[in-house]
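Novice: Sharing a model prediction with you, sequence too.
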Amino acid sequence: MTFTNQLFINGQWVAPVRGGSFDTIDPANETAIAQVAAATAEDVDRAVQAARNAFDHGGWPELSGKARAGYLRRIASLIRDRQQTLAELEVRDNGKPLPEALWDIGDTAYCFDFYADLAEQLDAQQEKAVALSDERFSSVARKEPVGVCGAIIPWNFPMLMAAWKVAPALAAGCTVVLKPSEVTPLTALQLADIAREAELPPGVLNVITGFGADAGSPLTEHPDVDKLAFTGSVPTGRKIMQAAAAEIKNVSLELGGKSAFIIFDDSDIEKAVEWILFGIFWNKGEVCSATSRVLVQRNLYDALLARLVEEAERIRIGNGMADGVLLGPLVNAAQYEKVQTAIARGIEQGATLLSGGKRPNGHDKGYFLQPTIFTDVSEESDIWREEIFGPVVCVRAFDDEAEAVASANRSRFGLAAAVMSPDLARAERVARRLRAGIVWINCSQPTFTEAPWGGYKQSGIGRELGEWGLNNYLETKQITRYD
Ligand code: NAD
């Protein structure tokens, strides 16, 4: 696979105006993988102009949904053809284990197919008659694409996060400028190459690599961008909302989380341990919806903790390319330091480090960290309140349902939550009382392209995935006639 060290603008690979570049690093061995172009405001302007032109004059929004679906299906099929190569690239760029990366890429392809179906359905659903109280008038409500979208994404699921935005935006008839994270830009560049091979019309998808301040910020401020779709941290989300406010741009935000997992004492210990481990150690805990706050009913607490530690200490740590590895390195030096600082602060604030917290033996290079379990965590401590975005779980005991729900809801975040109990009436009741956009019962983290995804409170605004994801990229127009 070759890397172009270029940006993808108007259907072509072009050098950045100022000629800047940066290295991406393999977090398993701290070596450079590739040199990537660093876009600046001039490049952003070129990309936005290409997207504007494709939207205003290129005929993309006027195509039928069925015709747009054809392009999306070609993209899905090309992603499947390259699944192994793309997954390996994701492992080297992000550090995740290969089986997880293969799953991500498969899901990325499925996302394009799913929105191809929705694009087709849009043809029949585009206009809907509206019954008016005055019979001299007739009216229709019509769905139309929002326009040019600036999509800015994080580094934890690089290609999948691109698909969550690009697929529904293209299905709706929007054109896109995608800015991947500077930490993991490689698969977004491959997506550009796939779009070129799928003969997507020039300017419909543009991919610019670069840093938040130099490339992301000018994209958010550009007057020709109609919509900003962002996934990332709360502080950056705040800046994006401020930039959107200047031009009253349509904005959707998928931000951080500190999700709770309530486990009642009638739960099966083995199942609870299995889902706790998956809920926090999948993708190294670098998951916005990770269930990083575990609340266990007191009767089960000691027995569950003992099993949890046993299983956590068995997790195989290593290079994501190696067989049997379940926990890869954290994504980069900055994230490694951030997580280690959070662990040190947890200890300083009085929590008990029950397991992990250190660099594992035999891994002198790379950003490796043991699966980490804290107990005796106060609700006021930073490790209980703040998103760590690493393989660190905090466990507390609770006595009754009301206390568990109140504790779970005491957070400025509201992305996800989980509840476990064989008493389904109780689990369903608790699920309805949790202030979060996603609630899992008797599991944690399964994510479906068909179901709405997004957060309450500071976890974001708007919903991605499913029909809600398509609506993110549609305006509703009223056309009323006097007969
Ligand atoms: P980040 O906010 O640092 O960066 C995200 C993106 O924003 C990157 O592409 C970055 O270059 C860009 N950016 C940075 N500053 C910018 C600016 N001033 N203007 C425009 N763009 C700018 O986040 P991250 O560290 O890449 O990702 C981790 C965060 O993402 C976590 O908080 C996590 O919870 C969140 N996340 C949320 C979801 C979700 O669906 N809710 C999914 C994945 C990740």
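Specialist: It's in.

Novice: And Gln49, how close does it get to the ligand?
Specialist: According to C-beta to the nearest ligand atom, to the nearest Å, Gln49 and the ligand sit 19 Å apart. Every C-beta, even on glycine, is put in place using the N, C-alpha and C of the backbone.

Novice: Now for that residue, how many residues are close by?
Specialist: Gln49 sits with 18 neighbouring residues when counted by other C-beta atoms under 10 Å.

Novice: Is it correct that it falls within a strand?
Specialist: No: judged by DSSP: H, G, I helix; E, B strand; the rest coil, Gln49 forms no part of a strand; its state is helix.

Novice: Contacts only, for it.
Specialist: Asp224 (C-beta atoms under 8 Å, 6 or more residues apart in numbering).

Novice: Which pLDDT value goes with it?
Specialist: At Gln49, the predicted lDDT confidence score is 98.

Novice: for stretch 10-25, what is the average pLDDT?
Specialist: 97.

Novice: Would you mind writing the CA trace of that stretch as PDB?
Specialist: The C-alpha trace of stretch 10-25 is given here as PDB (Å, rounded to 0.1, in the frame of the first residue of the first chain):
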ATOM      1  CA  ASN A  10     -12.100  17.500  -6.100                       C
ATOM      2  CA  GLY A  11     -11.400  13.900  -7.000                       C
ATOM      3  CA  GLN A  12      -7.700  14.400  -7.200                       C
ATOM      4  CA  TRP A  13      -4.600  13.900  -5.100                       C
ATOM      5  CA  VAL A  14      -3.000  17.300  -4.500                       C
ATOM      6  CA  ALA A  15       0.000  18.600  -2.500                       C
ATOM      7  CA  PRO A  16      -0.900  20.900   0.400                       C
ATOM      8  CA  VAL A  17      -0.300  24.600  -0.500                       C
ATOM      9  CA  ARG A  18       2.300  25.100   2.200                       C
ATOM     10  CA  GLY A  19       3.900  21.700   1.600                       C
ATOM     11  CA  GLY A  20       3.700  20.700   5.300                       C
ATOM     12  CA  SER A  21       3.700  17.100   6.500                       C
ATOM     13  CA  PHE A  22       3.800  15.000   9.700                       C
ATOM     14  CA  ASP A  23       4.500  11.400  10.700                       C
ATOM     15  CA  THR A  24       2.000   8.900  12.000                       C
ATOM     16  CA  ILE A  25       3.400   6.600  14.600                       C
END
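
Novice: Give the buried residues for it.
Specialist: Neighbour-count burial for stretch 10-25, counted by 16 or more other C-beta atoms under 10 Å, picks out 10-11, 13-14, 16, 20-22, 24-25.

Novice: and what of stretch 412-431?
Specialist: For stretch 412-431, by 16+ other C-beta under 10 Å, it's 413-421, 427, 430-431.

Novice: again with stretch 349-364
Specialist: Using 16+ other C-beta under 10 Å as the test for burial, stretch 349-364 gives 351, 353-357, 360, 363.

Novice: Quickly run through the sheet partners of the helix or strand that contains Ala418, with directions.
Specialist: Under the criterion of DSSP states H and E, Ala418 resides in strand 416-420. Using DSSP bridges, the strands paired with strand 416-420 are strand 260-263 (parallel), strand 438-441 (parallel).

Novice: other SSEs contacting the host helix or strand of Val251?
Specialist: Assigned by DSSP H and E, Val251 belongs to strand 250-254. On a contact count with 3 or more C-beta pairs under 8 Å, 6 or more residues apart in numbering; DSSP states H and E, strand 250-254 meets strand 227-231, helix 234-247, strand 460-461.

Novice: which SS state does the residue most central in space within the chain fall under?
Specialist: Geometric centre of the chain, nearest residue: Met161, 4.8 Å, by C-alpha atoms, centre = their mean. Of the three states, Met161 takes helix according to three-state DSSP.

Novice: Enumerate every residue touching the residue nearest to it when sequence neighbours are not counted.
Specialist: Spatially, and ignoring its direct neighbours in sequence, Met161 is nearest to Ile153 (4.1 Å; C-beta to C-beta, 6 or more residues apart in numbering). Neighbouring residues of Ile153 by C-beta under 8 Å, 6+ apart: 161-162, 165, 178-181, 188, 230-232.

Novice: And the pLDDT for Ile153?
Specialist: At Ile153, pLDDT is 98.

Novice: next one: Asn5
Specialist: 89.

Novice: same thing with Thr2?
Specialist: 51.

Novice: roughly how far apart are the nearest residue to Ala260 once chain neighbours are set aside and Glu100?
Specialist: Among residues not flanking Ala260 along the chain, Ala408 sits closest, at 3.6 Å (C-beta to C-beta, 6+ apart). To Glu100, Ala408 is 27 Å away according to C-beta to C-beta, to the nearest Å.

Novice: Neighbour count: these two, which is higher?
Specialist: Taking neighbours as other C-beta under 10 Å, Ala408 and Glu100 compare with Ala408 leading, 26 against 21.

Novice: part of a strand, is the more buried one?
Specialist: No: judged by three-state DSSP, Ala408 forms no part of a strand; its state is helix.

Novice: before we move on, back to that, what's the most distant pair in the buried residues of stretch 412-431?
Specialist: Pairwise distances across these peak at 23.1 Å for Phe413 and Ser421 (criterion: C-beta to C-beta).

Novice: Can you show me the CA trace of stretch 327-345 as CSV?
Specialist: Output in CSV follows, covering the C-alpha atoms of stretch 327-345 (Å, rounded to 0.1, in the frame of the first residue of the first chain):
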residue,chain,number,x,y,z
LEU,A,327,-5.2,-5.5,24.7
GLY,A,328,-3.0,-3.4,22.4
PRO,A,329,-1.0,-0.3,23.2
LEU,A,330,-2.7,3.1,23.9
VAL,A,331,-2.9,5.2,20.8
ASN,A,332,0.0,7.6,21.4
ALA,A,333,2.4,9.1,23.9
ALA,A,334,0.0,11.9,24.9
GLN,A,335,-2.8,9.5,25.6
TYR,A,336,-0.5,7.2,27.5
GLU,A,337,0.6,10.1,29.7
LYS,A,338,-3.0,11.3,30.2
VAL,A,339,-4.1,7.8,31.4
GLN,A,340,-1.1,7.4,33.7
THR,A,341,-1.7,10.9,35.2
ALA,A,342,-5.3,9.9,35.9
ILE,A,343,-4.2,6.7,37.6
ALA,A,344,-1.7,8.6,39.8
ARG,A,345,-4.4,11.1,40.7
